[in-house]
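Novice: Okay, structure incoming, though there's no sequence with it:
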């Protein structure tokens, strides 16, 4: 079994991945589930939970799915080392503090919940009657879902992501045309950011499904990477172009927007306020100008240092579009060849945006 970090330091996502298809622990749990024997597994060093342990066998042997399955045939709990590499105890009884509140009704699950709350360790309960696996740590509880159900949800989410991707690409093409025409308002910017945030929330949901699926999620992962490849950073670049708040960086704004619920993203004034505008309905009609960062990032072989120099020199896309080859040539890192490439790249982007806009019904 591969080395696992101490489960006290693992994120909840890591813990779900620990029991996902492809792991040895998953194989052992599945064997127990199919045999309908039930089981209670505590993942922690024995010294940390010594006061809770009574009886059983101290075996201290290397972990294997077969060993876990065979030991689960006995009624007591199994204790694994915190790195999951060894089976420390089998057929032991756990006695957590009975005053710890529990919402569970079954004896095994109630014990698992109380031990998890008392020790902060990972506890796995396999239900003999309901045939489900439940994970506990502190106040967290997670029921492991059937692979087929999770895969169906992941494929449905991928279809939704593909639709949102199309909507976002249309919105970005519209924004590009407005930027070239210098007709952008705060409303236009907020609409793009709203669609980008919703797209990323769906992508995050798919990532959680991939974690649950383990090795069964490889195809889902490939599809997600393909769908997100060329739009991964577009929202961040839009924020960099239109951020009007000196007290926050674009990354801080991005994280703040990411914390909004889907219902909050419906309110465009909320997005406008985070960007640094007044957050009123009137502010949405305010005209704004792009710094040109997003479009410059679309020009091939243009280093970030050069993009920063261009933005610092011209201050905005409107001024950049009016620049001559000599004006660009004067900027550090830009020679005559690169200056012409930048001008040609911007012309090509404008033509492409116009074509995309014409395709939109």
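Specialist: Right, received. Where do you want to start? Bear in mind the structure is a predicted one, so any value in this text is a computation, not a measurement. Residues are numbered from 1 along each chain as shown.
Novice: what is the mean pLDDT for stretch 245-264?
Specialist: For stretch 245-264, mean pLDDT rounds to 92.
Novice: The longest strand along the chain: partners in the sheet, and parallel or antiparallel?
Specialist: When the chain is parsed with DSSP state E, its longest strand is strand 86-94. According to DSSP bridges, strand 86-94 forms sheet pairs with strand 53-54 (antiparallel), strand 57-62 (antiparallel), strand 77-80 (antiparallel).
Novice: now, of those, which is deepest in the fold?
Specialist: Of all those, strand 77-80 carries the top mean neighbour count, a mean of 26, counting by mean count of other C-beta atoms under 10 Å. Using the backbone N, CA and C atoms, a C-beta is placed for each residue, glycine as well.
Novice: okay, now the nearest residue to residue 71 once chain neighbours are set aside: neighbour count?
Specialist: Counting by C-beta to C-beta, 6 or more residues apart in numbering, residue 90 is the residue found nearest to residue 71 once chain neighbours are left out, at 4.2 Å. By other C-beta atoms under 10 Å, the residues close to residue 90 number 21.
Novice: Just grab the bridge partners of residue 90 for me.
Specialist: residue 57.
Novice: show me the contacts for it.
Specialist: Residue 90 makes contact with 56-57, 59, 71, 74, 76, 78-79, according to C-beta atoms under 8 Å, 6 or more residues apart in numbering.
Novice: For the nearest residue to residue 242 once chain neighbours are set aside, give me phi and psi.
Specialist: Of all residues not flanking residue 242 in the chain, residue 189 sits nearest, at 4.8 Å (C-beta to C-beta, 6+ apart). Dihedral pair for residue 189: phi -70, psi -40, per degrees, to the nearest 10.
Novice: Near residue 303, how many residues? Count them for me, please.
Specialist: Residue 303: 10 neighbours (other C-beta under 10 Å).
Novice: pLDDT weak spots in this protein?
Specialist: For the chain, applying pLDDT under 70 flags the ranges 1-9, 279, 359-361.
Novice: Relative to residue 135, how far out is the spatially most central residue of it?
Specialist: Compute the mean C-alpha point of the chain, and by C-alpha atoms, centre = their mean the closest residue is residue 204, 3.7 Å away. Going from residue 204 to residue 135 by C-beta to C-beta, to the nearest Å gives 20 Å.
Novice: mind checking how far the residue nearest to residue 71 is from residue 135?
Specialist: Distance from residue 90 to residue 135, by C-beta to C-beta: 20 Å.
Novice: What's the first helix or strand after the helix or strand that contains residue 202?
Specialist: Take DSSP states H and E as the rule and residue 202 turns out to sit in helix 186-213. Next along the chain after helix 186-213, taking DSSP H and E as the criterion, comes helix 218-228.
Novice: Report the inter-axis angle for that next one versus helix 186-213.
Specialist: 170 degrees (axes from the mean of the first three to the mean of the last three C-alpha atoms, to 10 degrees).
Novice: tell me which residues of stretch 282-294 are tucked away?
Specialist: Across stretch 282-294, burial judged by 16 or more other C-beta atoms under 10 Å covers 283-284, 288, 290-294.
Novice: which one of those is nearest residue 23?
Specialist: In terms of C-beta to C-beta, no member of those lies closer to residue 23 than residue 294, at 40.8 Å.
Novice: Can you tell me the number of residues neighbouring residue 262?
Specialist: Neighbour number of residue 262 under other C-beta under 10 Å is 11.
Novice: Mind listing what's buried along stretch 219-229?
Specialist: Residues of stretch 219-229 classed as buried by neighbour count (16+ other C-beta under 10 Å): 220, 223-224, 227-228.
Novice: longest helix in this structure, by residue count?
Specialist: With secondary structure taken from DSSP state H, the chain has its longest helix at helix 147-181.
Novice: Can you spell out which helices and strands pack onto it?
Specialist: Here helix 147-181 touches helix 186-213, helix 218-228, helix 234-242, helix 317-321, helix 336-359, going by 3 or more C-beta pairs under 8 Å, 6 or more residues apart in numbering; DSSP states H and E.
Novice: Out of these, indicate the one that is most buried.
Specialist: Among those, judged by mean count of other C-beta under 10 Å, the one packed with the most neighbours on average is helix 234-242 (a mean of 23).
Novice: ok, and what's touching it?
Specialist: 168, 172, 175, 186, 189, 192-193, 196-197, 200, 250-251, 253-254, 257, 275, 288, 290-294, 297.
Novice: same check, this time on stretch 252-263
Specialist: Stretch 252-263 has contacts (C-beta under 8 Å, 6+ apart) with 193, 197-198, 200-201, 235-236, 239, 243, 245, 248, 265, 270-271, 274-275.
Novice: same deal with stretch 62-77?
Specialist: The contact list for stretch 62-77, computed with C-beta under 8 Å, 6+ apart, reads 1, 24-25, 27-29, 31-32, 35, 37-42, 55-56, 61, 78, 80, 84-87, 89-94, 111, 126.
Novice: Kindly recompute the last result at 7 Å.
Specialist: 1, 24, 27-28, 31-32, 35, 37, 39-42, 56, 61, 78, 80, 84-87, 90-94 (C-beta atoms under 7 Å, 6 or more residues apart in numbering).
Novice: Same question for stretch 18-34.
Specialist: When contacts are defined by C-beta under 7 Å, 6+ apart, stretch 18-34 is touched by residues 1, 4, 39, 63, 65, 68-69, 72, 84, 126, 131, 133, 135, 144, 147, 211-216.
Novice: the domain parsing of this structure - what is it?
Specialist: 12-144, 146-290, 292-346 (automatic domain parsing).
Novice: Which of those sits closest to residue 356?
Specialist: domain 146-290 (3.8 Å).
Novice: Any figure for the gap between the closest residue to residue 284 other than its chain neighbours and residue 174?
Specialist: Closest residue to residue 284 apart from its sequence neighbours, by C-beta to C-beta, 6+ apart: residue 187 at 4.1 Å. For residue 187, the distance to residue 174 (C-beta to C-beta) stands at 12 Å.
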